[in-house]
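[1] Build me a model from this:
(chains A and B)
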Amino acid sequence: MREFITGNEAVVRGALRAKCDFFAGYPITPASSILTGFVRVFHAGGGIAVETEDEIAAIGQCIGAVMSGARALTASSGPGLSLYSETIGLAQMGEVPLVIVNCQRMGPATGGATATGEGDVLFARHVTSGGYPLPVLAATDAGSAYRLTYLAFNLAERLRTPVIVLTSKDIALTRQTVDLDAIELAPLERRLATAPDRPFAPYAINAPADVPAFAPIGGQTRVRFTGSIHDENAVLTIDPARIERKLTHLRRKIDDAADSLEDTEPDLDPLAETLILSYGSADGAARVAVAMLRESGAAVSRLTLYSLWPIPTRAIRAALTSRVRRIVMPELNIGLYCDAVRHITGPLPIMSVLRYDGGLIAPQTIVARVRSCDGDAAACSALSPVEGSSCRC
Amino acid sequence: MTTQAMPMTAHPDPLLRPGNTNCAGCGMSLGLHWIDEILGSERPYLVIPACCGIVTAGAYPTSAYGVPTAAATFASAASYATGIATVAALNNEHHPVICWTGDGGTYDIGLATLSAAAERNEDILYICYDNEIYGNTGGQRSSATPEGVVTTTTPRGKGERKKNMMAIMAAHRVPYAATLSVAHREDFLRKVRTALSTKGFRFLLMLSPCPTGWKSEPDQSVELIRAAVGCGIFPVFEVFDGDRYVINVPRDGTPIEDYVEKQRRYSGLAADPSRLRAQIDDQWRMLERMIHSGRPHV
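    This is a model prediction of the structure:
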């Protein structure tokens, strides 16, 4: 059935489809309607929705709920993600499957509370101390917000890790027509449980990339949990070998799964000289720009990135077909992800199309950028001062 | 300085400029005008966290505050103000530093920094305009929301009673804490004057009518607060040094219905008049205990 829903409503629906039964959050624009959406749904039962006193409490409640067996989600915007920071580290160290939705807005700080921006694409990856990886997904519209929220629960459970789903103000609050039932979803994944007749160690693994089995706090098994560096029994350790084993595990369980975490949509033309690399709310403009360019006879490719971290290296390399001479990359920030992919794309020039004044990038701006690269001086001068100055060759 | 001698615009740039974006009937507007009367020519520094009051600051050229205004993060108003007040004291400057905050930033997310600033007795005047709801983000419950009130996150009515913020502040033994009623002008002005002339941490709690969140008529705002004071749901009192309590306006037997029936937010399961009356009596019993057990006010 086709529905007319916002990205925030799609997040709630995706989470419910993934059997999410616990939500805690704190009011913040543009994420508040995820909180009120869960309150409405769980009002009649089937789960718990809590409005907390701040974001630190929201994510704390989620961790407590997950460790007691729930499937939990919290949602906020940049200022709230900032307050989640320490506790996301706790979720990493404690290996807590948890989904965090960040409805980005213009930042830093209060920034533009009602203005769009996608400046958290590096922050999401480096959101907590230590530098250990966590998967980050980025929606482009309401449909992908639904699919990726569902997917995030699967990744969180499979890898026992916090997973961040990025949307942004225009995705979160704009209504779009979408048929959620037509969106293909993988089977629901449940966290690995220890057989009741086997001895339980909360972080027991055989190989570094293994994911430890889970037992809930409060069940038959005594479960320990700590944010301190610990051994497989969750006992604090100062033994260098055990410390290295734990931290290598935190890295390897994500990095070794990188190929399976790639989530992209290629639209490639083998004759293309230009590859448009897009993610987030700039993707809609990129799609229209590709159609406009092809209509005028240009050969151009597009790759939409739904997974940002780990960087979908294989898909990006595959999109760099033999004739590609340049990459054009629209971003609603100061060119953050462009810098992240540069080591994959090598010497190929990346032309950024940037906007960070609270507005959206127009397809025509991307088209002008592509044409300016082909030596069309008129197209280049048609770019606005902001767009022009932020184009980097 | 007498209040009678101080016209509303004693200085060219008022604390709250006309043409601002406050909703009609918002308690903030009256509160700021009255505070401005007492400030006279004295110009404060305002520190405001995320709340409706920072929307009032507006975008150029409609910025509505006529004084230096710092927009802090949601949790940090009291700590930001502490930094300003500390450096101002070092520089021998004597501008009042005023935190102007909503209930979310006071009762909930800002409580840790507020408590710490009060405990250290920082030289700050902290004013909470309490509209009992997260007005700026679309009307979610806060811990200042009364029991029985329907908000976007309490569709059946809030199940918990309002947090007693005055008791919390009194427990910090701050030099001065008082509640403000926009229906009792002389009492309001006197308390702002007392607060401004007191050194150390001062806390003022103003029940701020919010026609948007309370689902009331804008022209009824002052009358609603008069009814709130009369029925006793909002006691008007002050506390000196945490243990000398003074009731400024006794409750007068106004029926609770006069207050709740003019607002469509009191529609939850627990918004029963007899239940509310019992809570009010309970609240007044506690206040009277504090009056009798505290040191006499001199």
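[2] State the number of residues packed around residue B:135.
    A count of neighbours around residue B:135, defined by other CB atoms under 10 Å in any protein chain shown, yields 26. For the C-beta atoms, the positions are set from N, CA and C on the backbone; glycine is no exception.
[3] Need the pLDDT of it.
    We have a pLDDT of 95 for residue B:135.
[4] if I pick it, what's in contact with it?
    Residue B:135 makes contact with B:51-52, B:102, B:210, B:212-213, according to CB atoms under 8 Å, 6 or more residues apart in numbering or on different chains.
[5] top of those residues by neighbour count?
    Most surrounded of the contacts of residue B:135: other CB under 10 Å gives residue B:102, at 32 neighbours.
[6] Spatially nearest residue to that residue (excluding sequence neighbours)?
    residue B:51 (3.4 Å; CB to CB, 6 or more residues apart in numbering or on different chains).
[7] if I read this right, the one you found contacts residue B:106, doesn't it?
    No - contact criterion CB atoms under 8 Å: residue B:51 and residue B:106 do not qualify, at 9.0 Å.
[8] so is the residue in the stretch 201-350 of chain A that chain B sits nearest to in a helix, a strand, or just coil?
    For the stretch 201-350 of chain A and chain B, the shortest gap (CB to the nearest CB) falls at residue A:227, measuring 19.7 Å. With DSSP: H, G, I helix; E, B strand; the rest coil as the basis, residue A:227 sits in coil.
[9] Chain B against chain A: which residues are in contact?
    Within chain B, the positions adjacent to chain A are B:50, B:54, B:71, B:73-75, B:104, B:108-109, B:111, B:134, B:136-138, B:140-141, B:143, B:152-156 by CB under 8 Å from any CB of the partner chain.
[10] what about stretch A:294-309, distance to the chain center?
    Averaged C-alpha coordinates place stretch A:294-309 at 20 Å from its chain's average position (CA atoms, centre = their mean, to the nearest Å).
[11] tell me which residues in that stretch are buried?
    A:298, A:300-309 (16 or more other CB atoms under 10 Å in any protein chain shown).
[12] which ones are touching the residue nearest to residue B:102?
    Per CB under 8 Å, 6+ apart, neighbours of residue B:51: B:101-102, B:104-105, B:135-136.
[13] how about CSV for those, with secondary structure added?
    Formatted as CSV, these follow (three-state DSSP):
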residue, secondary structure
B:101, strand
B:102, coil
B:104, helix
B:105, helix
B:135, coil
B:136, coil
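[14] What is the nearest of these to residue A:218?
    Distances from residue A:218 to the contacts of residue B:51, taken as CB to CB, are shortest for residue B:104 (32.1 Å).
[15] ok, and the closest non-adjacent residue to residue B:264?
    residue B:215 is the one closest to residue B:264 (CB to CB, 6+ apart), at 3.6 Å.
[16] For that neighbour, list the residues it contacts.
    Listed by CB under 8 Å, 6+ apart, the contact set of residue B:215 reads B:263-265.
[17] Mind giving me the PyMOL select for the residues you listed, buried ones only?
    The PyMOL selection below is limited to those of those classed as buried (16+ other CB under 10 Å):
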select buried, chain B and resi 263+265
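[18] Excluding residues flanking it in the chain, which one is nearest residue 183?
    Just so you know, I chose chain A. Nearest to residue A:183 is residue A:147, by CB to CB, 6+ apart, at 5.1 Å.
[19] Can you look at chain B instead?
    Distances taken as CB to CB, 6+ apart place residue B:226 nearest to residue B:183, at 3.7 Å, with adjacent residues excluded.
[20] in the strand or helix carrying the one you found, what's buried?
    If you go by DSSP states H and E, residue B:226 is part of helix B:221-231. Neighbour-count burial for helix B:221-231 flags B:221-231 (criterion: 16+ other CB under 10 Å).
[21] Which of those residues sits closest to residue A:237?
    Distance ranking of these against residue A:237, using CB to CB, places residue B:228 first at 58.1 Å.
[22] ok, so what distance separates that closest one from residue A:281?
    From residue B:228 across to residue A:281, the span is 45 Å (CB to CB, to the nearest Å).
[23] What of residue A:262?
    The spacing between residue A:262 and residue A:281, counted by CB to CB, is 21 Å.
[24] Neighbour count for these two, which is higher?
    Shown here are residue A:262 and residue A:281; by other CB under 10 Å, residue A:281 has more neighbours (27 against 17).
[25] In the sheet, which residues pair with the residue positioned nearest the centre of chain A? Tell me.
    Taking CA atoms, centre = their mean as the criterion, residue A:137 is the residue nearest the geometric centre of chain A, at 2.4 Å. Note on residue A:137: beta-bridge partners residue A:165, residue A:307, judged by DSSP bridges.
[26] what does residue B:128 give?
    Residue B:128 forms beta bridges with residue B:101, residue B:205, as assigned by DSSP bridges.
[27] burial of it, as a residue count?
    With other CB under 10 Å as criterion, residue B:128 counts 29.
[28] Was I right to think it contacts residue B:180?
    No - under the criterion of CB under 8 Å, residue B:128 makes no contact with residue B:180, lying 9.5 Å away.
[29] hey, what's in contact with both of the two?
    Listed contacts common to residue B:128 and residue B:180 are B:204-206; contacts here mean CB under 8 Å, 6+ apart.
[30] where exactly do the helices run in chain B?
    Ranges of helices within chain B are B:27-39, B:52-57, B:77-90, B:111-119, B:165-171, B:185-196, B:211-214, B:221-231, B:256-260, B:273-293, based on DSSP state H.
[31] could those be laid out in CSV, adding mean pLDDT?
    Output for the helices of chain B, formatted as CSV (pLDDT from 0 to 100):
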stretch, mean pLDDT
helix B:27-39, 96
helix B:52-57, 90
helix B:77-90, 97
helix B:111-119, 98
helix B:165-171, 98
helix B:185-196, 98
helix B:211-214, 97
helix B:221-231, 98
helix B:256-260, 96
helix B:273-293, 94
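[32] For residue A:206, which of those is the nearest?
    Among those, helix B:111-119 sits nearest to residue A:206 (CB to CB), with 43.4 Å.
[33] And the closest one, what does it pack against?
    Other elements packing on helix B:111-119 under the criterion 3 or more CB pairs under 8 Å, 6 or more residues apart in numbering or on different chains; DSSP states H and E are helix B:77-90, strand B:125-130, helix B:165-171.
[34] of all those, which lies closest to residue B:189?
    Per CB to CB, nearest to residue B:189 of those: strand B:125-130, 13.7 Å.
[35] Stretch A:117-136 spans what distance, first to last residue?
    Start to finish, the residues bounding stretch A:117-136 are 17 Å apart (CA to CA, to the nearest Å).
[36] where along the stretch 1-150 of chain A do the strands fall?
    Along the stretch 1-150 of chain A, counting by DSSP state E, counting those that start in this stretch, strands occupy A:2-5, A:22-25, A:48-51, A:72-76, A:98-104, A:136-138.
[37] out of the ones you listed, nearest to residue B:87?
    strand A:72-76 (32.0 Å).
[38] Give me the helices and strands touching that closest one, please.
    So strand A:72-76, by 3+ CB pairs under 8 Å, 6+ apart, packs with helix A:7-17, strand A:22-25, helix A:55-67, helix A:78-94, strand A:98-104.
[39] average pLDDT across stretch B:91-101?
    95.
[40] Can you list the buried residues in it?
    B:96-101.
[41] give me every residue that touches residue 96.
    No chain in the question, so chain A it is. Residue A:96 touches A:63, A:66-67, A:90, A:160-162, counting by CB under 8 Å, 6+ apart.
[42] Not quite, go with chain B.
    Neighbour list for residue B:96: B:39, B:42, B:44-45, B:125, B:196 [criterion: CB under 8 Å, 6+ apart].
[43] Nice, that's everything, thank you.
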